[in-house]
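Undergrad: Structure here, sequence nowhere to be found:
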């Protein structure tokens, strides 16, 4: 066997021989073929064919068929141990066997020297993003794990952090640019790895333009770098996003599942718009070719729905006259009020009235007074009402909120009468109580006077009595003021519901004036002076003098209260009679209407029976009123002679009862006849009562007129007697026997004055025209007569004569005052008889006479200017003309006061004429008559003529109108009105400077206003 060396090269023939030796089947075939090939040529075809034949014989040869494996089995035992060792190496250190193969296969890679361990990066790729952390993770494997592994990059070497047994990591913070790194560990050093740094898409600036709905009044806003929004419903949101390395931006909305692709308007600027109507969440997604944005960008849009407006109402109903309702409350809305209205339903018809409010305030207090005169609400009827407020919602349409529904109901006629009677009875009790207090006050005054007569100085007991007296007087004054107000309220109610005639209303006004004048200023001044004397601790003489004057005043007060009580009784008597007459008129008309309805077969019998039953009950109530009239008559000091109406009442009741029975028997015709009979008898009874009322009034007027005439005649006689006595006393000295005779005559005159006083006070209880100062003048007269007697008694003639002079003055004043009352009564009696007094004209005919006088005065002034007079004659005439102009001005002023300020053109012209008259008077007093004065006088006359035309037109209008609505004062209770005004000022002050608030604080402020309003 030839040994083949590794470094030697053998020839083809040698190789063939060797193969032939090992494989007998081939033998020398391969060698012969090679030799034949070497000696053959291209032209020797025989040799070529021999070669091809031999090649075919060798080609299907397989080596394994030439080897005898069985003969080699004996050698297997020699390879078992090496094989087992190789298997262990492969299982324990596989890289020992695979390392070389791996390096051969991956020949293009760079491999480090071999080691007992390996470090493998776990990152899928070495891609990082700018401004983000890059985390390098590696896994260490091998037979010996190193304790320290380092990473080297950017010229620095850092230790990696172990996060598990075989894994380590290292964080490259906020990478900016591409970089390389190498991993070192013991004798291991990795190849160089490159990290590529890319840019993620990101937001540079984030601006939002908020376009608020116009109706909110909010100014549009631009928000910078703010994504969470709180906006009103209907706001259009415009997003403007400036990005970095961004190719597309999308916006995802959660509620409506919509997606908005933002439009790229310029380099890296994206925009989108959306009008929002509900709260929602939205997310932003930015993308480029490398990646989307890293962190989720999510924001919330809170949409504030336009709220319903809020309203609170405090209703104050006029329970006295039922003439008005006052509303107060708070209205508010988030963005403003568009309408505030008052709604009421009457007779199934809805009406709306606007309520004023401030359009610039979203939260405010309001105040409204609803007058009911025009509604013509009858007794027992009701009206439902509420207040409604509208907001200014420009997105969903304005929305209303209304208050609770209230009901205003006028009581039934019977209930109103009961309340009036009860209030009248209460007022009379208060008057009686005040009379008792006045009597008690007079007794205290007399008691104090008795104590003062025996003492020069006051001790604490007298001081206490006087102080108690002053306190009781103040209490009495307070009670009288309250009574006056109660009477005024009662009069308004009676005027509102009973509709008294003109004469009765005049009596009401005169009684009210009497009650208002019961407390005079002089008495108040006396009590003030008494307080002052007590504080100064003056002697009893000064106090006694004041107490004497107070005693006289308090006696007059007692008389005035007694007179007020009597006049109040008479007035209630007149009211009740007038009320009965009116009720009879209404009841007879209703009974007649029912008689006509009964004949109509379309009307059901049950309904007719019910109506007849109501009329029967109404007449029974009227009979009770007749009984009340008799009771009122008996309470008066001088009762009237009332006729007996029992027979008429009985006949009416019988007819009504018969009508009810016929209705039950379904007999329409007979029932209607009985109803008509009852109506006719009611009318007869009404007419009889009217005649009785007129006769009583005429009789009383005649009696009062006769009594007053007698009193005036007696006063004139007493005046002359006092004058004669006073003259005779001047020529008599104290020792003359005539002094006693004249003193006796003065005493008799005192008795005559007392008789006059009693007669006058008795007459004053029936005559409303006699005012309080008339009866007080009687007291002044008696005081002076008494003082003159005391002077005569003490032989102080001069003092007595002085008081006689004062007494005569009081008598003359009283005579003049009563003479004026006498003329008024004569005029009233003439009017009642339908025969106006000659020369007497009504108020509306008064102005034409004044204009004629003014015309004459103008001519006098012009003539005086042309006359050329000077000196004393001129001064005299100017003074006379000034006095005449002043007189005319005074008359115009009275007329204007009677007409009032709202009398249209007449009132305006009168006022201007009065102002110009004052200037003319100034010119005349200063002796200055110019052309301007003449022109002014012509203008005055023109104004008066215009006022005359206006009054004449007004008179014609009054004649055309059958009935005019009565105007009632609608004054609120002072406490309520003051409260409303104070509250309005408080809320207006807070609302004048509304701060800019977000919705939460805005709502808190509105709650605060509502709490204020509720309080």
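TA: Yep, it's here. Please read all numbers here as calculations on a predicted model, not as lab measurements. Numbering: from 1, shown residues only.

Undergrad: Every contact and neighbour count from this point should use C-alpha atoms.
TA: OK.

Undergrad: Show residues contacting stretch 936-945.
TA: With contacts defined as Cα atoms under 8 Å, 6 or more residues apart in numbering, stretch 936-945 is touched by 847-848, 851, 854-855, 858, 909-910, 912-913, 916-917, 920.

Undergrad: out of these, which one sits closest to residue 547?
TA: Nearest to residue 547, judged by Cα to Cα, of the contacts of stretch 936-945 is residue 917 at 47.4 Å.

Undergrad: Please name every helix or strand in contact with the helix or strand that contains that closest one.
TA: In this assignment (DSSP states H and E), residue 917 forms part of helix 904-925. The contact analysis (3 or more Cα pairs under 8 Å, 6 or more residues apart in numbering; DSSP states H and E) places helix 904-925 against helix 871-899, helix 931-960.

Undergrad: Generate TSV for those, with mean pLDDT and distance to residue 190 as supplementary columns.
TA: Shown next, in TSV, are these (pLDDT from 0 to 100; distance: least, Cα to Cα, whole Å):
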stretch	mean pLDDT	distance to residue 190
helix 871-899	75	120
helix 931-960	74	122
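
Undergrad: Where do the helices of the stretch 51-200 of the chain begin and end?
TA: According to DSSP state H, counting those that start in this stretch, the stretch 51-200 of the chain carries its helices in the segments 69-72, 77-92, 94-105.

Undergrad: sorry, back to before: export the helices and strands packed on helix 904-925 to TSV and tack on mean neighbour count and distance to residue 803?
TA: Shown next, in TSV, are the helices and strands packed on helix 904-925 (neighbours: other Cα atoms under 10 Å; distance: least, Cα to Cα, whole Å):
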stretch	mean neighbour count	distance to residue 803
helix 871-899	16	33
helix 931-960	17	48
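
Undergrad: Any chance of the ones you listed in JSON lines with distance to residue 820 as columns?
TA: Formatted as JSON lines, those follow (distance: least, Cα to Cα, whole Å):
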{"stretch": "helix 871-899", "distance to residue 820": "17"}
{"stretch": "helix 931-960", "distance to residue 820": "27"}
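
Undergrad: Quick one: closest of the ones you listed to residue 817.
TA: helix 871-899 (18.9 Å).

Undergrad: The lengthiest helix in the chain packs against which elements?
TA: Ranked by residue count under DSSP state H, the longest helix found in the chain is helix 668-730. Helices and strands touching helix 668-730, by 3+ Cα pairs under 8 Å, 6+ apart, are helix 540-599, helix 646-664, helix 738-764, helix 797-832.

Undergrad: Okay, buried residues for the shortest one please.
TA: Meaning helix 646-664. 649, 652, 653, 655, 656, 657, 658, 659, 660, 662, 663 (16 or more other Cα atoms under 10 Å).

Undergrad: and the first one, what does it touch?
TA: Read that as residue 649. residue 623.

Undergrad: okay, it: pLDDT?
TA: Looking at residue 649, its pLDDT is 90.

Undergrad: measure it to residue 323 for me?
TA: Distance, residue 649 to residue 323, using Cα to Cα, to the nearest Å: 35 Å.

Undergrad: same question, the fourth one
TA: When distances are taken as Cα to Cα, residue 655 and residue 323 turn out to be 38 Å apart.

Undergrad: cool, and the third one?
TA: Applying Cα to Cα, one obtains 36 Å for the distance of residue 653 from residue 323.

Undergrad: helix, strand or coil for the nearest residue to residue 271 once chain neighbours are set aside?
TA: Leaving aside its sequence neighbours, residue 271 sits nearest to residue 240 (Cα to Cα, 6 or more residues apart in numbering; 4.7 Å). Secondary structure state of residue 240, per DSSP: H, G, I helix; E, B strand; the rest coil, is strand.

Undergrad: For the nearest residue to residue 495 once chain neighbours are set aside, grab the count of nearby residues.
TA: Distances taken as Cα to Cα, 6+ apart put residue 505 closest to residue 495, at 7.7 Å, once the chain neighbours are dropped. Neighbours of residue 505 under the rule other Cα atoms under 10 Å: 17.

Undergrad: State the phi and psi torsions of residue 505.
TA: Backbone geometry at residue 505, expressed as degrees, to the nearest 10, gives phi -70, psi -40.

Undergrad: which residues sit in contact with the residue lying closest to residue 244 once chain neighbours are set aside?
TA: Nearest non-adjacent residue to residue 244, counting by Cα to Cα, 6+ apart: residue 202, 5.1 Å away. Counting by Cα under 8 Å, 6+ apart, residue 202 touches 243, 244, 245, 246, 286, 293.

Undergrad: Check which residues of the helix or strand hosting residue 526 are buried.
TA: Element membership for residue 526, per DSSP H and E: helix 521-536. Buried positions in helix 521-536, judged by neighbour count with 16+ other Cα under 10 Å: 523, 524, 526, 527, 530, 531, 533, 534.

Undergrad: Same check on stretch 424-435?
TA: 424, 427, 428, 430, 431, 432, 434, 435.

Undergrad: Now the fifth one: closest residue in space that isn't a chain neighbour?
TA: This means residue 431. Residue 431's closest residue in space is residue 565 (Cα to Cα, 6+ apart), at 6.3 Å.

Undergrad: Then residue 733?
TA: residue 739 (7.0 Å).

Undergrad: Next, find the distance separating the one you found from residue 783.
TA: Here residue 739 is placed at a distance of 21 Å from residue 783 (Cα to Cα).

Undergrad: same thing with residue 498?
TA: Distance, residue 498 to residue 783, by Cα to Cα: 44 Å.

Undergrad: returning to what we had before: is it possible to get CSV of the helices and strands packed on helix 668-730 that adds distance to residue 328?
TA: CSV is the format used below for the helices and strands packed on helix 668-730 (distance: least, Cα to Cα, whole Å):
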stretch, distance to residue 328
helix 540-599, 37
helix 646-664, 50
helix 738-764, 47
helix 797-832, 47
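
Undergrad: So which of those helices is nearest residue 366?
TA: For the helices and strands packed on helix 668-730, the distance to residue 366 is smallest for helix 540-599, at 40.5 Å, taking Cα to Cα.

Undergrad: Okay, buried residues for the helix or strand that that closest one is followed by please.
TA: Per DSSP H and E, the first helix or strand lying C-terminal to helix 540-599 is helix 605-635. Across helix 605-635, burial judged by 16+ other Cα under 10 Å covers 605, 608-609, 611-612, 615-616, 618-619, 622-623, 625-626, 628-630, 632-633.

Undergrad: How far away from the center of its chain is helix 605-635?
TA: Mean C-alpha position of helix 605-635 versus that of the full chain (Cα atoms, centre = their mean, to the nearest Å) differs by 45 Å.

Undergrad: between that helix and helix 540-599, how many degrees?
TA: Angle, helix 605-635 to helix 540-599, by axes from the mean of the first three to the mean of the last three Cα atoms, to 10 degrees: 150 degrees.
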